[in-house]
Every structure is written in structure tokens, then in C-alpha cells.
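Q: predicted coordinates and the sequence they were generated for:
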Amino acid sequence: MTASSYRPLLLLGLALLLGAASARATAPDSLLTLRSYPSLVSAGLEGLPRYVEDEAPRRGLVARYDSLARVPEAPQQVQLSPQATAIAPLWQPNSTKALLWALLPGGGQIYNRKYWKLPIVWGALTACYYAISWNNRQYRDYHEAYRDIMSADPATNTAWLAFAPAGAKAEDYAQYSSLRSTLKRGNDYYRRYRDLSIVATVLVYGLSLLDAYVDAELYTFDISPDLSLRLSPEIAVPALPRPALQLGVNCSLTF
């Protein structure tokens, strides 16, 4: 075999040597040091996808990493401002605003977020309004009838006939003298209960104002069930004029 026949083999060997040298020169850039990823090391290298040629799994913990595999990104820590990290205070009603809202029936209870009180307030005010209107209507009927029968001419003013027996005539008003006392009692009775209904309405409205104001004032009042009275013996410090020991009972109320 001549020297010219060895030339292709020499060129091929030289190309292989240059390729191996270039591969070793670029090897540190393609290696992944697992010490910077403790989560991967603790997983025992089982969760790493697409790793090839594990060179030193115990000593150096270095593995060749496939450039097509996706490296999981480390979670980023978000720095929050003091305003964002501050805990928002609990809502607390203002007694003045609650009183102003309470001018509208049930408004104070809505402002204090005590919605279960609305049926009580509105129901009580509705009942008082019905009592006022009904007693006032009855009073007006009795008042007109009593006024007509006590007038100078009951035969002309005939509003009292609605309370007279059936078939009664206006000309026979003198026969119904007892009707005058009946109409007077009815007039006084319904006027009295109309006035009482007005007073009850004012009281209910005032109670709704008071409830809204007190509820807002005592919103943060401690209503824990630990309400107890404790009795315990106590030895008092002796006084200077009388150096004898003083025994007593200590009463403490927890609320």
C-alpha cells in the first residue's frame, strides 16, 4: 500500500480528533449542575425528563441536559407594599350616621346591618298607622252623628240616622233620646283610642331611633357568655392603729 492510500485515512482520523476536541471544549456549557436545583436532587433524578449520559450522579451530580427539554422556572417572590399587606379593619357603624339614617323608618337598622329588625319596625309602624286610620274614621262618623242629633234641627241634619234602628224617620228624632248618649260614648271612645294610636306611633318611631343609635354605640361591646360572680376569702393588710389581721370576702364580677 502506498503513502497516497493512507492519506484519506489520515484525514478521517484528523477530522475525528478535531470533532472530539471541539465536543470537550463545549461540554461545560451543555452540562447542568444539579446543586443549583435542590428540588431535583431530592427527587432522586427521577423527575428529570430527557436527560442522557448521567456521568456522576453521586459525586458531582452532573448530568448532560437535552437542550430541547424545558427547565422549570423558579417561583418568583412578589414584594407587596405595606398598604397591600395591611389588614383592613372590620366595619364599624357610626352612631351619628345611624341616627340620621334612622329618620327614615328602618333606615338605621339597615345602616347597622341588622336586617332582621326591619319586619319588627315596619310591622309595628304599619299596625299603628292602621289603628290611627280606623279609629279616626269611626270617630268622624260618631262625631258627625252626635253633632247632628244635638243640633237645633235634627230633622234636617240626618247623619244620626245611620245609627238609629232600621226604619227610623228623621221627624221622629224625639223618640230616640237614648241615642244621644250612645253617640256621645262612641265619639269619646274612638277619639281617645285615635289619640292613643298617635302616641303609640310616636313611641315606636322613637324606639326605632333609639335602637339604631344604641346599636351603633354598643357595636363593639363584649357580649361573651363569661358572666360570673366569684366569691373568695381575702386577708386584708393590717392597719397601723390596729395591727390585727382582717379577714373578709372578695366579690368579683366578670363581664
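A: Yep, that arrived.
Q: low-confidence ranges, this structure, go.
A: 1-12, 14-15, 17-89, 222-228, 236-245, 253-255 (pLDDT under 70).
Q: which SS state does residue 157 fall under?
A: coil (DSSP: H, G, I helix; E, B strand; the rest coil).
Q: what about the nearest residue to it once chain neighbours are set aside, neighbour count?
A: Distances taken as Cβ to Cβ, 6 or more residues apart in numbering place residue 148 nearest to residue 157, at 3.5 Å, with adjacent residues excluded. C-betas here are computed from N, CA, C, even on glycine. By the criterion of other Cβ atoms under 10 Å, residue 148 has 21 neighbours.
Q: and residue 148, what is it in contact with?
A: 154, 157, 158, 159, 160 (Cβ atoms under 8 Å, 6 or more residues apart in numbering).
Q: now the first one: how far from residue 178?
A: Remark: distance between residue 154 and residue 178 (Cβ to Cβ, to the nearest Å) = 14 Å.
Q: again with the third one
A: Relative to residue 178, residue 158 is positioned 18 Å away (Cβ to Cβ).
Q: swap in residue 151?
A: Taking Cβ to Cβ, one finds residue 151 at 18 Å from residue 178.
Q: of those two, who's got more company?
A: Between residue 151 and residue 178, residue 151 has the larger neighbour count (other Cβ under 10 Å), namely 14 against 8.
Q: now do the contacts for that one.
A: residue 157.
Q: report the secondary structure state of it.
A: Classified using three-state DSSP, residue 151 is coil.
Q: change the start of the numbering to 41 and stick with it
A: Yep, numbering from 41; the last one is residue 191 now.
Q: quick one, phi psi at it?
A: phi -80, psi 180 (degrees, to the nearest 10).
Q: distance of it from residue 197?
A: Separation of residue 191 from residue 197 (Cβ to Cβ) stands at 5 Å.
Q: and residue 210, by the same measure?
A: 9 Å.
Q: for the two, indicate the residue with more neighbours.
A: residue 197 (18 against 15).
Q: how about that one, what does it touch?
A: Residue 197 makes contact with 187, 188, 189, 191, according to Cβ under 8 Å, 6+ apart.
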